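> Based on what follows, work out the 3D shape:
(chains A and B)
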Amino acid sequence: MAEVTGSPISNQQLFEHGMEEEEKHILGFWIFLASDLVLFACLFATYLLLRTHTDGGPTEAQLFDIPMFTLETFILLTSSFTCGLAVREMRNGHLGRLMGWLAVTILLGLAFVGIEVYEFITYSLEGATMQRSAFLSGFFTLVGTHGLHVSLGIVWMVSVGIQLIRDRIQPTTARKLFNAGLYWHFLDVVWVMIFTVVYLMGVMK
Amino acid sequence: MINQIVEYLRNADPLIQMSAVAAVLTLLGIIFALTYFKKWGWLWREWITTVDHKKIGIMYLICALLMLFRGGVDALLMRTQLAFPNMNFLDSQHYNEIFSTHGTIMILFVAMPLIFAMMNIAVPLQIGARDVAFPFLNAVSFWLFFFGALLFNLSFILGGSPDAGWVSYPPLAELSHSPGPGINYYVLSLQISGIGSIATGINFIVTILKMRAPGMTLMKMPLFCWSVLASCIVIIFAFPALTVALALLGMDRIFGTHFFTMLHGGNPMMYVNLFWVWGHPEVYIAILPVYGILSEVVSTFSRKRIFGYKSMVASLMLISVISYFVWVHHFFTMGAGPGVNSFFAVASMAVGIPTGVKVFNWLFTMFRGRIRLTLPMLWSLTFIPCFAVGGATGIMLASAPADYQFHNSYFVIAHFHQTLIGGAVFGLLAGMYYWWPKMFGFKLNETLGKWAFWFFNIGFYVCFMPQYALGFMGMTRRVYTYPAETGWGTLNFVSTIGAYLMGIGFLFIVVQILYSIRYGERDTTGDPWDGRTLEWSLPSPVPHYNFAQIPTVNERDAWWEMKQQRKEGILPPTKEPLKPIHMPNNSSLPFFMGLAFFVAGFGLVFNQFIIATVGLIGVVVCMLWRSLEKDTGHWISVDEIKQMEAS
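Numbering: from 1, shown residues only, chains lettered A, B, ... in the order given. A predicted model of the protein is given here:
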């Protein structure tokens, strides 16, 4: 912080300035999530239009493996819960426990992405690539976009973790963890929609 | 990739080869001038790394005017080709590329940066804030726009321009029909600048909701800020649809998927829907801030409060909602059936109601006002009849059965140019003239401005009125030549004359700016128009922290009220002592983030995945760098503020 000559800046002033900044960031992040939701809505609309356009290739029912996507759902929902616990520990001021739950969340996120990559590779090896049919283009893009979001979320949480170790819990790091948590829950909501619209509707007769 | 480019340049039209040489020479000239005058450091410190919203606004304005030149030259080339039957000035491919780039540039690289320029320059000043909510993000938005525009303009030198219209409908835009890199340029440059637009939308919503001066409730906010809020809400909900449309088209072209192909189950109409889910709200994104500008200008130069403030706010918000329910009117002929077409026809016509409310409010504001015919006011006055005619022809198009006749005809061309030039361009020019003294500290010459005004206006009607008739006579869009027997020759020739008159009008604006830099009337008061809103309470140009003391607002038109109170001898309460001001630090990261996006985009255009990956890694590194950086800005001391205020 630059040296200030003349009247000194009180801690109160600094604190108020800090809080205003954090509030703006949180509102901005909510608005970003709203626009991201529109992005997913467009991808869902495209998928719903194309899901029957299999061009003689594999259909949803032939591809989707119930235990696998159930496991994915279970892992991601659990990670959202542990992420909530991390934010709760932040509010209580326990940095150690916070880092523990954050680590669990990151690991669960990695497991989710790992299973999804395995799923995609399996499908591709069966000949169900995204070039095969419009349905598969839609499937890989919708689910893949979610997966990409999850991967970015993991990178972000690692970055927030580093900052928490470096700077401890203070307004900036608290806001960053809070926003990362919002993002993570948002991805959970999107996944619940993917689970319903893509997987459950896919395996139903 | 290099072979591709060399091959392209060798086979290119002489016109393109000439412009390539001109572009390289201009670039060398700029580099030479900057080195010769030792301006690199100044450029870097004062402009490229700046996070000051006023400077970012000026950079948007400069880029927009440059792009207006490029888009205008495209227009003149097209009009020259169509001036006579059987012209051989341009070949069909070249013509396709020119109308595609003309449309894309005018909408995305002229209209959008112009509204962002006005937003950046005026919004924080009008609401009594020291900056936008996220100054760093604001700089990122600008550089994404800049590098998006750069990538797009590179296309006409390297590899070939997009040639499937500004809408790039598949399957015409698919690899099967358009194998060159042109459409890739289109997809990636729009994607990059689109991300910046979403960020700007978020930034200004938060700025307006969270940073208003004490006492300024939403219903005391200047109408321009309301219009920006409405426009930004539309941005937030419309641009993601463009992101998806472009991403899926890009996937089809680069990764071989089948979203919109004619084979393997693709459905081209889905692109058309996604595109217009963004595309129609987009025209409201461009026009809503103009409504705000007009409200400010009409009220200032009539010396009256705006008539019907509340109905103005309500109509802005209504338009921003209805704008989502009209997109199908761009393709009534899709075959969706009478139910769907009726819904969208009625919704399209309904937009006219709140717009009509605004027009009447402007007229009633002028009624019994003391009107001063300055340049901003002239452009606002000419906006009203022009936009009214554009609206009326819009209602004709919104009628689904009639649209089956007008679809893809020159009538459509005339209609949307009338709304976008007579609406967005006229209004934004009014805004530019209005805020110019605030930006630069001098007024633009009125005489030269009036020459520009008349050339542009007369040129406009001479150019576009014949096109309505040509539409009825059966001339369709995108034809590059026509036989004499059609009888379209005379009207086309008249239209071309009009286009050139508008070109002369633009030249007058350029001359006006150059002349006024030297001789323009200096603005020493900070309030050259006897303004009503808070930006006129500040000196011109505004110090980088805007307000030494954040004002307290009690009324609408806060600055006008303060002036009245002073005149009546009711002095405003004694000012509180100055406090240190917190300002954000400059940063070079936004520039490098834009550059990284540019590299990624350039790699993808030519299917060079190594270059693309390097660029994308650069983007992530920039984001992580910013996240881990401890940048808390800096404080300006009271002594420094006193020095700045005294000078």
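
> Next, report how far the helix ranked longest in chain A is displaced from the centre of its chain.
Once chain A is assigned using DSSP state H, the helix that runs over the most residues is helix A:11-50. Helix A:11-50 sits 13 Å away from the centroid of its parent chain (CA atoms, centre = their mean, to the nearest Å).

> Okay, buried residues for it please.
Within helix A:11-50, the residues that count as buried by 16 or more other CB atoms under 10 Å in any protein chain shown are A:17-18, A:21-22, A:24-25, A:27-29, A:31-47, A:49-50. Quick note: C-beta positions are derived from backbone N, CA and C, even for glycine.

> ditto for stretch B:370-388
Using 16+ other CB under 10 Å as the test for burial, stretch B:370-388 gives B:371, B:374-384, B:386-387.

> thinking again about what came up before, which other helices and strands does the longest helix of chain A contact?
Where contact means 3 or more CB pairs under 8 Å, 6 or more residues apart in numbering or on different chains; DSSP states H and E, helix A:11-50 is packed against helix A:134-167, helix A:171-194, helix B:182-210, helix B:223-255, helix B:268-302.

> Quick one: distance of the helix or strand just after that helix to the chain centre.
Next helix or strand after helix A:11-50 toward the C-terminus (DSSP states H and E): helix A:60-63. Distance, stretch centre to chain centre, for helix A:60-63: 26 Å (CA atoms, centre = their mean).

> Residues touching helix A:60-63, excluding its own?
A:51, A:123, A:126, A:128, A:135, A:139, A:198, A:201, A:202, A:203, A:205 (CB atoms under 8 Å, 6 or more residues apart in numbering or on different chains).

> pLDDT weak spots in chain A?
Along chain A, segments meeting pLDDT under 70 span A:1-17, A:205.

> circling back: for PyMOL, write a command that selects the buried ones of the contacts of helix A:60-63.
If you want just the buried ones from the contacts of helix A:60-63 in PyMOL, going by 16+ other CB under 10 Å, the selection is:
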select buried, chain A and resi 51+123+128+135+139+198+202
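
> which stretches of the stretch 401-550 of chain B form helices?
B:410-419, B:426-440, B:446-472, B:489-519 (DSSP state H, counting those that start in this stretch).

> Could you say which of these is packed most deeply?
Ranked by mean neighbour count, the helices of the stretch 401-550 of chain B are led by helix B:426-440 with a mean of 25 (mean count of other CB atoms under 10 Å in any protein chain shown).

> Need phi/psi at residue B:130.
phi -90, psi -20 (degrees, to the nearest 10).

> Quick check: the gap between it and chain A.
From residue B:130 over to chain A the distance is 11 Å, taken as CB to the nearest CB, to the nearest Å.

> which residues touch the residue nearest to residue B:499 when sequence neighbours are not counted?
Using CB to CB, 6 or more residues apart in numbering or on different chains and skipping the chain neighbours, the partner closest in space to residue B:499 is residue B:79 (3.9 Å). Contacts for residue B:79 (CB under 8 Å, 6+ apart) come out as B:463, B:495, B:496, B:499, B:500.

> could you redo the last one with a cut-off of 7 Å?
Contact analysis of residue B:79 by CB atoms under 7 Å, 6 or more residues apart in numbering or on different chains lists B:495, B:496, B:499.

> Please identify the residue most distant from the middle of chain B.
Computed with CA atoms, centre = their mean, the residue of chain B farthest from its C-alpha average is residue B:569, at 43.5 Å.

> I'd like to know how far it sits from chain A.
Per CB to the nearest CB, residue B:569 is found 32 Å from chain A.

> Could you confirm that residue falls within a strand?
No - with DSSP: H, G, I helix; E, B strand; the rest coil as the criterion, residue B:569 is located in coil rather than a strand.

> Tell me how far it lies from residue B:228.
Going from residue B:569 to residue B:228 by CB to CB, to the nearest Å gives 36 Å.

> Same question for residue B:56.
Separation of residue B:56 from residue B:228 (CB to CB): 15 Å.

> do residue B:287 as well
Residue B:287 is 12 Å from residue B:228, by CB to CB.

> okay, these two: which has more neighbours?
In this view residue B:287 and residue B:228 are compared by other CB atoms under 10 Å in any protein chain shown, and residue B:228 has more residues nearby, 31 against 23.

> The more buried one against residue B:292, yeah?
Yes - with contact defined as CB atoms under 7 Å, residue B:228 reaches residue B:292; the gap is 6.4 Å.

> Can you give me the neighbour number for residue B:35?
Residue B:35 has 10 neighbours, counted by other CB under 10 Å.

> If you could redo that for residue B:272, that was the one I meant.
Residues within reach of residue B:272, counting by other CB under 10 Å, total 21.

> quick one, what contacts it?
By CB under 7 Å, 6+ apart, the contact list for residue B:272 reads B:169, B:331.

> Can you classify residue B:87 by secondary structure?
Classification of residue B:87 by three-state DSSP places it in coil.

> how about it, what does it touch?
Taking CB under 7 Å, 6+ apart, we find residue B:87 in contact with B:81, B:481.

> Against residue B:22, how distant is it?
23 Å.

> And residue A:179, by the same measure?
For residue A:179, the distance to residue B:22 equals 48 Å [CB to CB].

> of these two, who's got more company?
For residue A:179 and residue B:22, the more surrounded residue by other CB under 10 Å is residue A:179, and the numbers stand at 20 against 11.

> Report all helices and strands that whichever strand or helix holds residue B:319 contacts.
Taking DSSP H and E as the criterion, residue B:319 maps to helix B:309-322. Other helices and strands packing on helix B:309-322, by 3 or more CB pairs under 7 Å, 6 or more residues apart in numbering or on different chains; DSSP states H and E, are helix B:223-255, helix B:268-302, helix B:352-366.
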